[in-house]
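Novice: Here is a sequence with its predicted model. Questions after.
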Amino acid sequence: MTRLLIGCLSLALIAACSGGNNDAADTPAATAPTETAREFVARANAELKELGKELGAANWVRSTYITHDTAIIASAASEKYSAWHSNMVEQALAYEGQELDPSTRRAIELLKLGTSAPAPNDAAKRKELAGITTDLEGIYGAGEYCRSDGECLPGSVLEERMRQARDYDELLEYWEGWRKVAVPMRDKYARFVELANEGANELGYADLGEMWKSNYDMSPAEFEAESAKLWEQVKPLYDELHCHVRATLGDVYGEDKVPQDGPIPAHLLGNMWAQQWGSLYDLLEPYPGVGDIDVDTTLKTKNYSPQEMVRSAESFYVSLGMPRLPDTFWERSQFTKPQDRDVVCHASAWGLDGGNDLRIKMCINQTYDELRVIYHELGHNYYQGAYKDQPPLFQDSAHGGFHEAIGDTVTLSMTPGYLAEVGLIGSAEEDRRAVINRQMQMALDKIAFLPFGKLVDEWRWGVYSGAITPENYNQSWWDLRTKYQGIAPAVERSEADFDPGSKYHIPGNVSYTRYFLAHVLMFQFQRTLCDIAGHEGELQACSIYGSKEAGEKLWAMLEAGASQPWQDTLELMTGTREMDATAIIDYFAPLMDYLKEQNEGRSCGW
Ligand code: X8Z
Ligand code: ZN
């Protein structure tokens with residue numbers, strides 16, 4: 001899967017890129033190449049362009065129409081891509097040790113990394129792996145929880161109920177119910193790990209985790225240290241938020257249910273995975289009713305259609321000087337959940353046909369949360385559209401975190417002033433109390449997310465390296481959830497369960513550190529863009545809406561795609577070569593003061 005297809009799934013999809021012909025994979029490596037390295041890269045790019053079309057079509061149909069038949073089609077496309085990939089990587093060996101220009105060397109390196117699930121170079125195993133990855137995502141997409149009265153609830157409905165319900169037992173029922181969907185994934189996932197590790201070994205990596213960590217223009221060890229550093233920077237902010245939320249939930253549900261010296265029950269945080277807590281805002285609003293930002297009500301009273309919600313997001317990007325989305329975007333995207341079939345509702349953005357055929361796939365609800373997801377997805381689409389003139393091997397973001405950060409950076413500009421200007425709220429009231437309210441709303445999503453963003457791949461790195469085995473899949477998952485997030489399951493879990501599988505990106509095989517990095521980068525990007533837009537004053541008050549200068553800077557970064565190390569791209573954009581969490585700390589400085597005040601006298605930690 002080259003990252004060339006999907007924003008969210010980028011790597012995952014390319015795994016499905018179709019190849020020319022399966023037999024090619026069995027051709028031994030050419031020891032004396034008949035083409036120069038540059039010619040080889042040019043051919044790889046040309047073939048990838050064609051393969052991408054077929055792979056993209058197969059995956060799109062599979063994700064928007066989950067049936068027995070589309071599984072066959074998607075697996076076949078994935079298998080063909082894997083065969084092509086193995087073959088090309090083998091051929092590329094012939095250029096090792098040769099002096100190459102930096103761009104050719106980078107293209108060959110990215111070719112090698114061009115799959116998130118490398119298949120062993122063996123036809124039977126390749127087929128098996130393609131079948132498993134297709135199945136796992138299908139199980140997730142078609143998953144539902146059937147209650148004892150026979151009513152069956154799909155994942156998207158359960159997610160919505162988790163946001164709204166405030167009854168301890170009802171929440172627990174949904175939480176446990178959804179996790180049953182993952183149980184049949186367990187054995188398949190264990191086999192997936194064996195096969196993909198074998199594939200990674202053949203490519204020269206110790207295991208698949210090492211391969212994923214090699215995708216950051218630094219050594220895997222340096223990358224781990226980099227992520228750990230960023231986490232240490234933001235942890236104090238998370239700890240204050242956790243402490244305050246736990247105290248509040250203790251008041252709501254009782255301290256017998258939410259003990260004030262231990263982890264928070266995982267089902268009480270308003271989200272199926274306790275990853276973003278924004279739906280608890282009504283319980284945590286610092287100054288009730290002040291500066292109320294009720295976009296939900298506007299969307300309902302004005303009865304915004306899903307397309308109108310997408311138009312509103314598009315208008316933001318257009319205000320920065322970016323183009324309108326192509327007609328095919330409107331014709332081919334999936335905006336709502338079809339009633340007659342299973343689909344993968346988890347939102348994604350697709351850059352098919354080398355970025356000429358942009359689409360989103362969502363099951364849009366009429367809520368502010370969903371509106372922000374739309375802005376997020378369009379960030380992917382604009383990235384894909386911007387780098388479409390790069391050669392296919394460079395049609396990706398600088399690193400995965402950049403792809404995830406663009407749309408989220410834009411959502412930081414959805415200030416009350418902006419929302420009022422575009423008619424999504426009545427008027428913008430910005431006294432100090434309103435600022436704290438808004439910061440709380442954002443922190444419940446952005447700060448609460450950080451430890452989750454960090455731990456998901458830490459679990460997978462352990463699984464891929466063998467430090468975590470199928471015998472302790474679930475226990476190690478919960479150990480990490482408790483260590484980082486300070487949450488715990490309210491009911492006993494066992495190794496018959498497979499709770500990691502209840503989160504889309506595990507069966508979908510989408511790396512997750514990208515989101516953690518994006519949550520740091522978006523504030524860095526915003527700081528730079530706001531400077532360019534001429535913003536003065538606190539970063540939290542800045543909106544770059546309408547700034548062509550900021551848009552130009554952003555576009556220059558997007559256009560570069562993956563053509564150079566991310567450090568160069570970051571420098572071009574922000575003037576620094578380092579990811580750095582000081583911007584997020586600065587951004588939330590007003591809230592941090594509030595939280596410290598609230599937590600005075602409380603004993604924090606778990
Ligand atoms: O998967 C997504 C996007 C698509 S790339 C909707 N996100 C992560 C998640 O839902 O777990 C965005 C935030 C984190
Ligand atoms: Zn995304």
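Specialist: Yep, it's here. Every value quoted in this text rests on a predicted model; they were computed, and no experiment measured them. Ligands and ions are numbered 1, 2, ... in the order given.
Novice: Correct me if wrong: Ala356 contacts Lys388.
Specialist: No, residue 356 isn't Ala; it's Asn. Yes: taking Cβ atoms under 8 Å as the definition, Asn356 is a contact partner of Lys388 at 6.4 Å. Glycine gets a C-beta too; all of them are placed from N, C-alpha and C.
Novice: Compare neighbour counts for those two and give me the winner.
Specialist: With neighbours defined as other Cβ atoms under 10 Å, Asn356 and Lys388 compare such that Lys388 has more, 19 against 13.
Novice: close enough to count as contact, Ile506 and Tyr189?
Specialist: Yes: counting by Cβ under 8 Å, Ile506 touches Tyr189, with 7.2 Å between them.
Novice: Once you drop chain neighbours, what's closest to the closest residue to ligand 1 within the stretch 301-450 of the chain?
Specialist: Using Cβ to the nearest ligand atom, the single residue of the stretch 301-450 of the chain nearest to ligand 1 is Ala347, 4.0 Å away. Nearest residue to Ala347, sequence neighbours excluded (Cβ to Cβ, 6 or more residues apart in numbering): Met362, at 4.6 Å.
Novice: ok, and the residue in the stretch 401-550 of the chain positioned nearest to ligand 2, which helix or strand is that part of?
Specialist: Distances between the stretch 401-550 of the chain and ligand 2 by Cβ to the ion are smallest at Glu404, namely 4.7 Å. Glu404 belongs to helix 400-411 when assigned by DSSP states H and E.
Novice: same thing with Thr248?
Specialist: Per DSSP H and E: helix 220-253 holds Thr248.
Novice: tell me the mean pLDDT for that helix?
Specialist: For helix 220-253, mean pLDDT rounds to 98.
Novice: Can you tell me the strand partners of the next helix or strand after that helix and which way each runs?
Specialist: Using DSSP H and E, the helix or strand that follows helix 220-253 towards the C-terminus is strand 264-265. The pairing partners recorded for strand 264-265 under DSSP bridges are strand 487-488 (parallel).
Novice: rewinding a little: give me every residue that touches the residue nearest to Ala347.
Specialist: Residues in contact with Met362, defined by Cβ atoms under 8 Å, 6 or more residues apart in numbering, are 306, 333-336, 345, 347-348, 370, 373-374, 377.
Novice: follow-up on the earlier one: which parts of the helix holding Thr248 are buried?
Specialist: Neighbour counts over helix 220-253 (16 or more other Cβ atoms under 10 Å) mark 220, 223-224, 226-227, 230-231, 233-235, 237-247, 249-250, 253 as buried.
Novice: packing partners for it?
Specialist: With contacts taken as 3 or more Cβ pairs under 8 Å, 6 or more residues apart in numbering; DSSP states H and E, helix 220-253 sits against helix 208-213, strand 264-265, helix 281-284, helix 432-465, helix 513-532, helix 582-587, helix 589-599.
Novice: Now do that helix against helix 589-599, angle only.
Specialist: Angular relation of helix 220-253 and helix 589-599 on a 0 to 180 degree scale: 50 degrees, by axes from the mean of the first three to the mean of the last three Cα atoms, to 10 degrees.
Novice: and the helix holding Glu404 with helix 432-465, angle?
Specialist: Going by the same axes, to 10 degrees, helix 400-411 makes 160 degrees with helix 432-465.
Novice: What average pLDDT does helix 400-411 get?
Specialist: 98.
Novice: chain center to that helix, what's the gap?
Specialist: Chain-centre distance of helix 400-411: 9 Å, with Cα atoms, centre = their mean, to the nearest Å.
Novice: just the CA coordinates of the helix or strand following that helix, formatted as PDB?
Specialist: Using DSSP H and E, the helix or strand that follows helix 400-411 in sequence is helix 416-421. The C-alpha trace of helix 416-421 is given here as PDB (Å, rounded to 0.1, in the frame of the first residue of the first chain):
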ATOM      1  CA  PRO A 416     -16.100  31.700  17.900                       C
ATOM      2  CA  GLY A 417     -15.400  34.600  15.500                       C
ATOM      3  CA  TYR A 418     -15.100  32.200  12.600                       C
ATOM      4  CA  LEU A 419     -18.200  30.200  13.500                       C
ATOM      5  CA  ALA A 420     -20.200  33.400  13.800                       C
ATOM      6  CA  GLU A 421     -18.900  34.700  10.500                       C
END
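Novice: which parts of the stretch 401-550 of the chain sit against ligand 1?
Specialist: Residues of the stretch 401-550 of the chain found near ligand 1 (Cβ under 6 Å from any ligand atom) are Tyr515.
Novice: where does the chain have low pLDDT?
Specialist: In the predicted model, the chain carries pLDDT under 70 at residues 1-31.
Novice: ranges for the strands of it?
Specialist: In the chain, the strands defined using DSSP state E lie at 144-146, 152-154, 264-265, 348-351, 357-361, 487-488.
Novice: looking at those, which is closest to ligand 2?
Specialist: strand 348-351 (6.8 Å).
Novice: tell me which residues in that closest one are buried?
Specialist: 348-351.
Novice: That one - contacts with which helices or strands?
Specialist: Going by 3+ Cβ pairs under 8 Å, 6+ apart, strand 348-351 lies up against helix 37-64, strand 357-361, helix 368-386.
Novice: Go again with 7 Å.
Specialist: Applying 3 or more Cβ pairs under 7 Å, 6 or more residues apart in numbering; DSSP states H and E, one finds that strand 348-351 makes contact with strand 357-361, helix 368-386.
Novice: Now tell me what touches the longest one from outside.
Specialist: Counting by Cβ atoms under 7 Å, 6 or more residues apart in numbering, the neighbours of helix 368-386 from elsewhere in the structure are 7-8, 278, 295-296, 299, 309-310, 313-314, 316-317, 322, 325, 347, 349, 351, 355, 358, 360, 362, 364, 397, 403, 406-408, 410-411, 555, 558-559.
Novice: cool, and the first one?
Specialist: Contact partners of strand 357-361, identified using Cβ under 7 Å, 6+ apart, comprise 63-64, 325-326, 328-329, 332-334, 348-352, 377, 381, 384-385.
Novice: go again using 6 Å as the cut-off
Specialist: Residues outside strand 357-361 that contact it (Cβ atoms under 6 Å, 6 or more residues apart in numbering) are 328-329, 332-334, 348-351, 377, 381, 385.
Novice: so can I have CSV of these showing distance to Thr582?
Specialist: Listed next are the contacts of strand 357-361 as CSV, based on distance: Cβ to Cβ, whole Å:
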residue, distance to Thr582
Thr328, 41
Phe329, 37
Arg332, 41
Ser333, 38
Gln334, 39
Ser348, 31
Ala349, 29
Trp350, 34
Gly351, 32
Glu377, 28
Asn381, 30
Gly385, 31
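Novice: Show me which pair in the residues you listed is furthest apart.
Specialist: Taking Cβ to Cβ, the two most distant members of those are Gln334 and Gly385; they sit 18.6 Å apart.
Novice: For Thr569, see how far away Ala428 is.
Specialist: Using Cβ to Cβ, to the nearest Å, Ala428 is found at 34 Å from Thr569.
Novice: typo on my end, Val41
Specialist: From Val41 to Thr569 the distance is 20 Å (Cβ to Cβ).
Novice: just Leu558 next, same as before
Specialist: For Leu558, the distance to Thr569 - Cβ to Cβ - is 10 Å.
Novice: And Ile506 and Tyr189? Which one has more around it.
Specialist: The neighbour count for Ile506 versus Tyr189, taken as other Cβ under 10 Å, is higher for Ile506 (24 against 21).
Novice: Can you get me a residue count around the closest residue to the more buried one other than its chain neighbours?
Specialist: For Ile506, ignoring the flanking residues on the chain, the nearest one in space by Cβ to Cβ, 6+ apart is Pro500 at 4.7 Å. Using other Cβ under 10 Å, Pro500 has 26 neighbouring residues.
Novice: what do you get for Pro118?
Specialist: Pro118: 27 surrounding residues under other Cβ under 10 Å.
Novice: Now do the phi/psi pair for it.
Specialist: Taking degrees, to the nearest 10, you get phi -70, psi 130 for the backbone angles of Pro118.
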